[in-house]
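J.: Quick check, what structure comes out for this input:
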Amino acid sequence: LGPAVARYYASKLWGGETYFMQMDAHLEFAPSWDIKYIKEVRAAKNYPKSVLSAYPPGFSQFGAYTGGTAGSRLCRCEFSTSDVEQHIIRINTNGSTNKNSPRPTQVAFIAAGFFFARAEFLVDVPFDPFVPWCFMGEEIALSVRAWTQGWAIYAPRQNLIAHQYRPGRMGLPKFWESVNQFWHRPIMNNLVQHIMINRLKHMVRYPDASIEKMKSEGLPVDKIVMDMDQYGMGTERTYDEYFEYAHMKMNPKTQRIDCSSNQWCNQGLKD
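T.: Residues are numbered from 1 along each chain as shown. Model prediction:
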């Protein structure tokens, strides 16, 4: 059912531990990574509602990874060019954080491939099980939901994990290839995603995913927006406040969301 739903089921393994880390597969860990991440998240000004997040650096061969490079800053967003992903907002980096900062500094977005927080995050921002096969779009939804629930997002000052970004030439399967392997229907996931990605777009208020627009297109609106009160926006801060914070705004001409340069995020000006 894709990575977003897999994260929902993985989160159900939480057994009351103090901290929670979400990560991709194929990682290497620096020595004492857990102790160091605990110290880092506790050093953030908004602790205990602080989230460390970055795109980990890559590596090609497993070996003695020691960590220590500067964490990336999740400050930029852009639009997917894929028709399958319906031009959903994608998160991207804009430089690295200052390793010599006295404490972690805030960024605007959460990366699905790595974040570290106190486990109360799972209570405040439960993973949404109703976005099968969606890949792009989960990060902007996660970012908005966490921030409006009172959490602040921080770039770690140093990387303590590294990810093997596996290229296609290695011949390794992608998550969507399991559809054909198990059901022999190679585009079934695209058909489901085409419908349910509107849930993510509706959550971040795309005009083409409004209730009225979806009804006019004959989409199953009741399925798309089910349990949105549980898996939607938080109540501590507003959607509009987040858009101002992340330097995003609705463009009335294009009816899309524009992402502008975010200097406070790029320069690490908020702690």
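
J.: Give me the contacts around stretch 210-227.
T.: 130, 195-196, 198-199, 202, 207 (C-beta atoms under 8 Å, 6 or more residues apart in numbering). All C-beta atoms are positioned from the backbone trio N, CA, C, and that covers glycine.

J.: Quick one, which of those residues are buried?
T.: If you count burial by 16 or more other C-beta atoms under 10 Å, the buried members of the contacts of stretch 210-227 come out as 130, 196, 198-199, 202.

J.: all strands for the chain, in order.
T.: Here the chain has its strands, by DSSP state E, at 19-23, 27-29, 50-53, 76-79, 89-92, 105-106, 114-118, 152-155, 161-163, 248-251, 256-259.

J.: What are the buried residues along the last one?
T.: By neighbour count, with 16+ other C-beta under 10 Å as the criterion, the buried positions of strand 256-259 are 257, 259.

J.: related to what we said a few turns ago, now the contacts of stretch 210-227 as JSON lines including pLDDT?
T.: Compiled in JSON lines, the contacts of stretch 210-227 are given as follows (pLDDT from 0 to 100):
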{"residue": "F130", "pLDDT": "91"}
{"residue": "I195", "pLDDT": "83"}
{"residue": "M196", "pLDDT": "85"}
{"residue": "N198", "pLDDT": "89"}
{"residue": "R199", "pLDDT": "91"}
{"residue": "H202", "pLDDT": "90"}
{"residue": "P207", "pLDDT": "83"}
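
J.: from the residues you listed, which is closest to A70?
T.: Nearest to A70 among the contacts of stretch 210-227, counting by C-beta to C-beta, is R199 at 35.1 Å.

J.: hang on, the earlier thing: now, the buried ones among the contacts of stretch 210-227 that are in helices?
T.: Among the buried ones among the contacts of stretch 210-227, the members falling in helices (DSSP state H) are 196, 198-199, 202.

J.: Spit out the contact partners of P56.
T.: When contacts are counted by C-beta under 8 Å, 6+ apart, P56 touches 24, 27, 113-114, 159, 161-163.

J.: Can you tell me the closest non-neighbouring residue to it?
T.: The spatially closest residue to P56, leaving aside those adjacent along the chain, is H163, at 4.3 Å (C-beta to C-beta, 6 or more residues apart in numbering).

J.: I figured the one you found hits A54, correct?
T.: No - judged on C-beta atoms under 8 Å, H163 makes no contact with A54 at a distance of 10.6 Å.

J.: Alright, that wraps it up for me.
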